[in-house]
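> whatever this is, show me its structure:
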Amino acid sequence: MKKNLNLMILILAWTLIPCQVSNGQGSKARENNTRENNYREIMLRTLEKLNGASGQEQYLECVNQFERIARAEKTLWLPYYYGAYALTLMSFDETDGAKKDLLLDRGQEMVERAMEIAPDESEIHALQAFMYPPRIMVDPMQRGMVYMEKTFQSLEHAKALNPDNPRIYFLEAINKLNMPPSMGGGPDVARPLFEKAADLFRTFHHEDPLWPRWGEEVNRAELGKIQIN
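Residues are numbered from 1 along each chain as shown. Sure, this is the predicted structure:
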């Protein structure tokens, strides 16, 4: 009788183990889903704020928020990416060269962290290219050739990773537009690049609402100016 009782207890114990494991896994899955939902919600809110930002203070609030998200989500590249993107936008508006460099230094740290997480992501290398022109603006004579070369190197790297990324051709077109014809630039050179970017923006789709989407409006506006002239 005692042996049968012990056997029944043992069988019951083994029967309960899968239930306990299953419950633990379910709880972990719910926890992960909640964290994912919270991450997406705060990212979408911060992106909405960034898209409507006007003035350095509002941009800086977004930068700081992306930085906080990045510290909490250390394996995700998008918070670092958008922090660097916001700092680059700030740098274009900053007229003091030393302050411009400081903003870009901080942005460079963030874009490098994003590259560490996702080294083969085309969007990050395109963003790196976007960060070089404001460096040139600090001292065009001394920095122009160095950072222009870095810009096109980053764009070529981005293109090798994803030739259908519209931001590559948009940024290439902007840079060519602002170069003199004697250096291989000008409107005639930029136009086909703007047109290629426009075609890719029209067909671009990514299921993740957090995925980068910037550049299309400016591309359309610049292409329109060239077509009028």
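
> can you pull out the strands in this protein?
For the chain, no strands are identified by DSSP state E.

> tell me which stretches of it form helices.
Using DSSP state H, the helices assigned to the chain run over residues 2-51, 56-72, 78-93, 97-117, 122-131, 133-138, 140-161, 166-177, 187-203, 216-228.

> buried ones in stretch 148-167?
148, 150-151, 154-155, 157-159, 161, 165-167 (16 or more other CB atoms under 10 Å). The way it works is simple: take the backbone N, C-alpha and C, and place the C-beta from them, glycine included.

> out of the helices of the chain, which comes closest to residue 209?
When these are compared for distance to residue 209 using CB to CB, the nearest one is helix 2-51, at 6.6 Å.

> re the thing from before, ok, the buried residues of stretch 148-167 vs residue 132, which is closest?
Of all these, the one sitting nearest residue 132 is residue 151; the distance, using CB to CB, is 4.4 Å.

> contacting residues for that closest one?
Counting by CB atoms under 8 Å, 6 or more residues apart in numbering, residue 151 touches 129, 132-133, 171, 175.

> buried residues in stretch 192-209, which are they?
Taking 16+ other CB under 10 Å as the neighbour-count basis, stretch 192-209 is seen to contain the buried residues 193-198, 200-201, 204.

> closest one to residue 78 out of the residues you listed, please.
Nearest member of the buried residues of stretch 192-209 to residue 78, counting by CB to CB, is residue 204, at 16.8 Å.

> which of the contacts of residue 151 has the most neighbours?
Across the contacts of residue 151, neighbour numbers were computed from other CB atoms under 10 Å; residue 171 holds the maximum, 26 neighbours.

> which ones are touching it?
Taking CB under 8 Å, 6+ apart as the definition of contact, the neighbours of residue 171 are 126, 129-130, 151, 155, 215.

> nearest spatial neighbour of the residue nearest the centre of the chain, skipping sequence neighbours?
Taking CA atoms, centre = their mean, the centroid of the chain lies closest to residue 81, which sits 3.6 Å from it. The spatially closest residue to residue 81, leaving aside those adjacent along the chain, is residue 114, at 4.8 Å (CB to CB, 6 or more residues apart in numbering).

> the one you found reaches residue 76, doesn't it?
No. With contact defined as CB atoms under 8 Å, residue 114 does not reach residue 76; the gap is 9.1 Å.

> between these two, which is the more surrounded one?
Here residue 114 and residue 76 are compared on neighbour count by other CB under 10 Å; more neighbours surround residue 114, at 26 against 17.

> the more buried one: what's it in contact with?
Residue 114 makes contacts with 77-78, 80-81, 84, 121, 124, 127, as judged by CB under 8 Å, 6+ apart.
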